[in-house]
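Asks: give me a 3D structure for the following:
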Amino acid sequence: MKSFVFAFLLTISVHALAQTAAEPTSSNQATAYVGTYTQGDSSSRGIYAIALDSAGLQGKPVLLAELENASFVAMHPNRPLLYAVSEIGASGPDSTGIVAYSIGADGTLTKLNERSTRGGAACHVTVDPTGRCVGVANYTGGSCILFPVLEDGSLGKAGSFIQHVGHSGVNAGRQEAPHAHSINFNQDGTQAFVADLGKDQILLYDVDPAAGTMKPSKQAFLQLPAGGGPRHFSFHPDFELAFSNLELTSQVALLHYDREQRTLTLGEVSDTIPESAQGKGNSTAECLVHPSGEFLFVSNRGHNSIAAFAIDVASKTLRSLGNTSSGGEIPRGFGITNDGEWLVVGNQKTGNVVALAIDQKTGALTPVGPKLSLDAAVNVRFDFK
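Replies: Residues are numbered from 1 along each chain as shown. The predicted structure is shown next:
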């Protein structure tokens, strides 16, 4: 594998991949890790690396680790570590749900260990900002779980497992049971927020990051609009606002976070597609805030677009900036470079990855460079460094 990666680097002349664990050589070079679905007709085999420079995506994706349905990956905030879920139906004690990898100086991944997530279809993973624990959401299982990060970067035995109960039932086909779809942390890792599509709720948990344990917060949950189906969750950099995309109604909810009281309240709810496109089979996937805190982006599957919004922190409002084509069909997850200059999206159905340049003043998105072919690309994450 190492010789293969090295040959790849020579081919595309991008040094960033070989320096994954260090600072990029310039703000115009970056490496992204892409999770893929491997089942069905997909030819993908797991986790890939792709290279990005000032001209867009370069070279070809490089397979770094084989993993069944590696649908979501997360980077450690300050160490060369990557964690990936394996989104499969099994939920037994011996089933693989989460895998820990170390990132070598040459960009390769070395498996450290794996753990069962004790719930079917582990679909989302996040590392707390202190780097001491890892959270996973199980979609089919309707549950969430925390693992402590050990000294070598591997995952210790689960500190907490919480089974969600109940469901909203508004959408009979999708909300017949709890479906935890993402887990995210506050600014210091002492609180977790789990978006449950089946319950129409964001559930709040108090966290001990060092132990990898959690328990319901004083505010146990925030109820979101009925039938919306909250999927992902993203904090504003000041941690006074947050956002959750509603998968089933093609909307995004603005949330107010009280850092002292550790509570969430619901603000305005905005559409992510034009009125003319509503009711035509769209669903949202990812929502991320731009590093500047000035813009919010949401991917639309069906409309095949990225919706952009301007964030007014003072008035706590969103203003739609319109939609830009994702450059393929069924845009799933996307990532934003640390300098905020690029948004890179994986289009699941058409099997390609596309780079969109972000205008730093207006938030406008412009496709730049070639599309990279990669079957069932569903998640993109850049190194935090």
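
Asks: C-alpha from now on. contacts and neighbour counts both.
Replies: Fine.

Asks: is T36 bridged to anything, and to what?
Replies: Applying DSSP bridges to T36 gives these bridge partners: A377.

Asks: let me see the contact set for it.
Replies: 44-47, 69-72, 375-379 (Cα atoms under 8 Å, 6 or more residues apart in numbering).

Asks: can you tell me which of those are in strands?
Replies: Counting by DSSP state E, the part of the contacts of T36 found in strands is 46-47, 377-379.

Asks: which of those tops the neighbour count?
Replies: The member of the ones in strands among the contacts of T36 that has the most neighbours, counting by other Cα atoms under 10 Å, is A377 with 34 neighbours.

Asks: how many residues are close by T126?
Replies: Counted with other Cα under 10 Å, the neighbours of T126 add up to 23.

Asks: who are the contact partners of it?
Replies: Contacts were defined as Cα under 8 Å, 6+ apart; by that measure T126 touches 73-75, 134-136, 183-185.

Asks: gap between E260 and V252?
Replies: 25 Å (Cα to Cα, to the nearest Å).

Asks: so for the two, which sits in the more crowded spot?
Replies: Neighbours per residue (other Cα under 10 Å) separate E260 from V252, with V252 holding more: 27 against 6.

Asks: you'd agree the more buried one is up against L246?
Replies: Yes - using Cα atoms under 8 Å, V252 is in contact with L246, at 5.5 Å.

Asks: okay, and the common contacts of those two?
Replies: Joint contacts of V252 and L246 (Cα under 8 Å, 6+ apart) do not exist.

Asks: number of residues surrounding the closest residue to L109 other than its chain neighbours?
Replies: Of all residues not flanking L109 in the chain, I103 sits nearest, at 4.8 Å (Cα to Cα, 6 or more residues apart in numbering). Residue crowding around I103 was assessed by other Cα under 10 Å; the count is 20.

Asks: again, but for S160
Replies: Per other Cα under 10 Å, the neighbour tally for S160 reads 17.

Asks: contact partners for the residue lying closest to it once chain neighbours are set aside?
Replies: Setting aside the residues directly before and after it, S160 is nearest to T213 in space (Cα to Cα, 6+ apart), at 4.8 Å. Neighbouring residues of T213 by Cα under 8 Å, 6+ apart: 146-147, 159-160, 207.

Asks: most neighbours of all those, which one?
Replies: L146 (31 neighbours).

Asks: surely that one touches N138?
Replies: No - between L146 and N138 there is no contact under Cα under 8 Å: 11.4 Å.

Asks: what ranges do the helices span in the chain?
Replies: With helices called from DSSP state H, the chain shows them at 2-12.

Asks: so where's it shaky on pLDDT?
Replies: Filtered on pLDDT under 70, the chain yields the residue ranges 1-28, 90-94, 384-385.

Asks: for burial, what's the neighbour tally of F72?
Replies: F72: 28 surrounding residues under other Cα under 10 Å.

Asks: make 57 the first number, not 1, from now on.
Replies: Okay, residue one is now 57; in that scheme the one you just asked about reads as F128.

Asks: need the contact list for it.
Replies: 91-92, 140-142, 179-181, 434-436.

Asks: ChimeraX command to pick out the buried ones of the residues you listed?
Replies: To isolate the buried ones among the contacts of F128 in ChimeraX, judged by 16 or more other Cα atoms under 10 Å, type:
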select :91,92,140,141,142,179,180,181,434,435,436
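
Asks: and which of the contacts of F128 is nearest to H235?
Replies: Using Cα to Cα, C179 is the member of the contacts of F128 that lies nearest H235, at 10.1 Å.

Asks: that closest one and L412, how far apart?
Replies: 25 Å.

Asks: how near is S224 to G283?
Replies: From S224 over to G283 the distance is 7 Å, taken as Cα to Cα.

Asks: repeat that for T380.
Replies: Counting by Cα to Cα - T380 and G283 are separated by 26 Å.

Asks: how about the nearest residue to A156, chain neighbours excluded?
Replies: That would be Y139: by Cα to Cα, 6+ apart, it lies 4.7 Å from A156.

Asks: what's near enough to touch the one you found?
Replies: Contacts for Y139 (Cα under 8 Å, 6+ apart) come out as 129-132, 154-157, 181.

Asks: tabulate these in JSON lines, adding columns for distance to K427.
Replies: Below are the contacts of Y139 laid out as JSON lines (distance: Cα to Cα, whole Å):
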{"residue": "V129", "distance to K427": "21"}
{"residue": "A130", "distance to K427": "23"}
{"residue": "M131", "distance to K427": "24"}
{"residue": "H132", "distance to K427": "28"}
{"residue": "I154", "distance to K427": "29"}
{"residue": "V155", "distance to K427": "29"}
{"residue": "A156", "distance to K427": "29"}
{"residue": "Y157", "distance to K427": "28"}
{"residue": "V181", "distance to K427": "26"}
